[in-house]
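>>> got a predicted model here, sequence first, then my questions.
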Amino acid sequence: MITLTEAAAGKVKELLVEEGRNDIALRVAVSPGGCSGLRYAMYLDDQLTEKDETGVRIVVDKMSVPYLSQATVDFVDSLEQSGFTIDNPAAQGGCACGNSFH
């Protein structure tokens with residue numbers, strides 16, 4: 001299953017506190033699109049289904065699980081970038097812009 005770094009888990013917890021809800025999760029998904037064919041999606045979601053694979057504050061739909069099974073989600077806050085990142089050793093390649101993979 002997908003791994004969350006301490007920084008990412010801390011940021012998810014912070015977002016849940018800001019939202020004032022404990023019934024939402026970080027959804028991580030793969031969808032068609034981008035230059036290389038697939039792209040990541042991450043958002044807070046309160047629409048959980050029996051088709052979701054659930055973990056600690058992470059929700060992954062079953063179609064995305066094979067693409068994300070070795071992935072690590074991190075949160076970066078630096079001068080260059082701020083936000084969640086995904087390191088996915090299962091991705092065979094990506095596009096030049098870095099927004100999609102195959």
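Alright, I've got the coordinates.
>>> the bottom helix or strand of this structure by mean pLDDT?
When each helix and strand of the chain is scored by mean pLDDT, DSSP states H and E, strand 52-54 comes last, with a mean of 63.
>>> moving C-terminal from that strand, which element do we reach first?
strand 58-61 (DSSP states H and E).
>>> C-terminal to that following strand, what's the next element?
Toward the C-terminal end, the helix or strand that comes next after strand 58-61 (DSSP H and E) is helix 65-68.
>>> could I have that next one exported to CSV, CA atoms only?
Extracted in CSV, the C-alpha atoms of helix 65-68 (Å, rounded to 0.1, in the frame of the first residue of the first chain):
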residue,chain,number,x,y,z
VAL,A,65,-3.9,0.5,-6.3
PRO,A,66,-1.6,-1.3,-8.9
TYR,A,67,-0.1,2.0,-10.0
LEU,A,68,0.5,3.2,-6.4
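>>> which residues does it contact?
Here helix 65-68 makes contact (C-beta atoms under 8 Å, 6 or more residues apart in numbering) with 1, 2, 28, 30, 38, 53, 60, 86, 88, 90, 91. Placement of C-beta: from N, CA and C, glycine included.
>>> who's residue 27 bridged to?
residue 43, residue 59 (DSSP bridges).
>>> who's in contact with it?
So residue 27 contacts 41, 42, 43, 44, 45, 58, 59, 60, 61 (C-beta under 8 Å, 6+ apart).
>>> against residue 85, how distant is it?
Distance from residue 27 to residue 85, counting by C-beta to C-beta, to the nearest Å: 16 Å.
>>> strands along the chain, start to end?
Taking DSSP state E as the test, the strands found in the chain are 3-4, 25-32, 38-45, 52-54, 58-61, 72-77, 82-87.
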